[in-house]
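Colleague: output the structure for:
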Amino acid sequence: MSTNRDTLDACAKQLRQLRREIAGRGFEPLRQDLLDRLTRYDGPTHPATDTWWREVVGEDYLTRRQHEDMRLVYDYVTAFSIFQDLKQAYRALAEEQERDKLFRWQVKQLVKKLPDVMGMVSDASSLVEALLPATPLSPGTFSPSLRFTNKIGMEFMWIPAGVFLMGSPDSDHEAHPNEKPAHWVHISQSFYLGKYPVTQAQWQAVMENNPSRFKGDLHRPVDTVSWKDAQEFIRKLNRMESYGHYRLPTEAEWEYACRAGSATLYCFGNKIRRLGEYAWYEGSYEPGGTHPVGQKRPNAWDLYDMHGNVWEWVQDRYDPDYYSNSPVHDPQGPAAGARRVLRGGDWSDPARYARSAVRDADDPDDCRELLGFRCLSSGREPASGA
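Modeller: All right, here's what the predicted structure looks like:
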């Protein structure tokens, strides 16, 4: 990293020297004009090629470029663009190292949990399979950013691949039978998850309507939407973004992101008295239904409203006994079933329904005022061939 930093510093120093020389020769307006064109350009070519100059600047600049002073300016713009590429590569490397630190922290947390969870695992081979998965635990292959914002202002947080204990242990007396047995799950691919539930403003930007019962603030989560409504929103959003990479999270992806490395009742621990810091629920909500997103504290992965506010649709069909035979690697839910899974609890529910492991389900056509959703993105760039 220090070598890369030194290279960037040396490039920056040379650019500053070159800029002073350009200003001394009276060509500062030309330099700024070319940089403005560079900033606005969104094409595939690069200033290091004549193609870029022809597309962006035109033949007139190419002719004037033969002049020695002009050439100095053009060389500066080319060097500046390459410098920007170097800075982006440096940031990518730094963020990759941050991901690696996050992954190492996650492994340490798993090791700490092992003494507590060994009693929950009846089949030792399933534990080994979970901890030593066939697919390597890697940061993924997306654009190197820990977050991004799409065209309609939806913010997404990067979620690393990893292993976690899904469901509730027998020691959780609030747990329902459909949350058991607790079982190891391997999420083999990193992904991006909505920082907040989809808001009414974002829904309106895509669907040009607002079905919500609880209006008055467009930063509230959209409510009164069915699973099928959520699918239609995602279909239109993918079309607006030019390539299809949005979807609902699977149930396993949702719980993995909600827990954010925790193995407790809630993402922050087991103390119900702290739930009001993180969630709108029966013990903390104010009259009037849902609340604007992002007002409570986020979990460790900077996701808000994972507990309470609105129940969130996920992709899976519902089977109350699915955990008894769920695969370890990337479970997708049962192949058959009329209802779809809901997660997270809502603004009017008691604390036990806001737990990380709680499961509910409803018909995909149901659109009660308690129901919303958040989106998952498989990456900022389209897959190869998309």
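Colleague: can you give me the strands in the stretch 101-250 of the chain?
Modeller: 147-149, 155-159, 162-166, 183-187, 191-194, 246-247 (DSSP state E, counting those that start in this stretch).
Colleague: quick one: low-confidence ranges for the stretch 1-150 of the chain?
Modeller: 1-8, 11, 22, 25, 27, 30, 39-71, 83-86, 89-90, 92-145 (pLDDT under 70).
Colleague: quick one on the thing from earlier: for the strands of the stretch 101-250 of the chain, give me TSV that also has mean neighbour count and distance to D305.
Modeller: Using the backbone N, CA and C atoms, a C-beta is placed for each residue, glycine as well. Listed next are the strands of the stretch 101-250 of the chain as TSV, based on neighbours: other Cβ atoms under 10 Å; distance: least, Cβ to Cβ, whole Å:
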stretch	mean neighbour count	distance to D305
strand 147-149	13	16
strand 155-159	22	12
strand 162-166	22	20
strand 183-187	24	21
strand 191-194	24	10
strand 246-247	20	19
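Colleague: could I get those strands as a markdown table with distance to D36?
Modeller: What follows is the strands of the stretch 101-250 of the chain, written out as a markdown table (distance: least, Cβ to Cβ, whole Å):
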| stretch | distance to D36 |
| --- | --- |
| strand 147-149 | 24 |
| strand 155-159 | 28 |
| strand 162-166 | 44 |
| strand 183-187 | 44 |
| strand 191-194 | 32 |
| strand 246-247 | 33 |
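Colleague: and of those strands, who's closest to L371?
Modeller: strand 191-194 (15.5 Å; Cβ to Cβ).
Colleague: and that closest one, what does it pack against?
Modeller: Under the contact definition 3 or more Cβ pairs under 8 Å, 6 or more residues apart in numbering; DSSP states H and E, strand 191-194 sits against strand 155-159, helix 251-259, strand 376-377.
Colleague: do me a favour and average the pLDDT over it.
Modeller: When pLDDT is averaged over strand 191-194, the result is 94.
Colleague: neighbouring strands - and their directions - for it?
Modeller: strand 155-159 (antiparallel), strand 376-377 (antiparallel) (DSSP bridges).
Colleague: contacts for it?
Modeller: Strand 191-194 is contacted by residues 140, 142, 147-148, 154-159, 249, 253, 257, 303, 374-380 when judged by Cβ atoms under 8 Å, 6 or more residues apart in numbering.
Colleague: quick one: closest of the strands of the stretch 101-250 of the chain to V310.
Modeller: Nearest of the strands of the stretch 101-250 of the chain (Cβ to Cβ): strand 191-194, 12.4 Å.
Colleague: CA atoms of the closest one as PDB?
Modeller: Output in PDB follows, covering the C-alpha atoms of strand 191-194 (Å, rounded to 0.1, in the frame of the first residue of the first chain):
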ATOM      1  CA  PHE A 191     -24.300  -8.600  -2.400                       C
ATOM      2  CA  TYR A 192     -25.700  -5.100  -1.800                       C
ATOM      3  CA  LEU A 193     -28.800  -4.600   0.300                       C
ATOM      4  CA  GLY A 194     -31.000  -1.600   0.600                       C
END
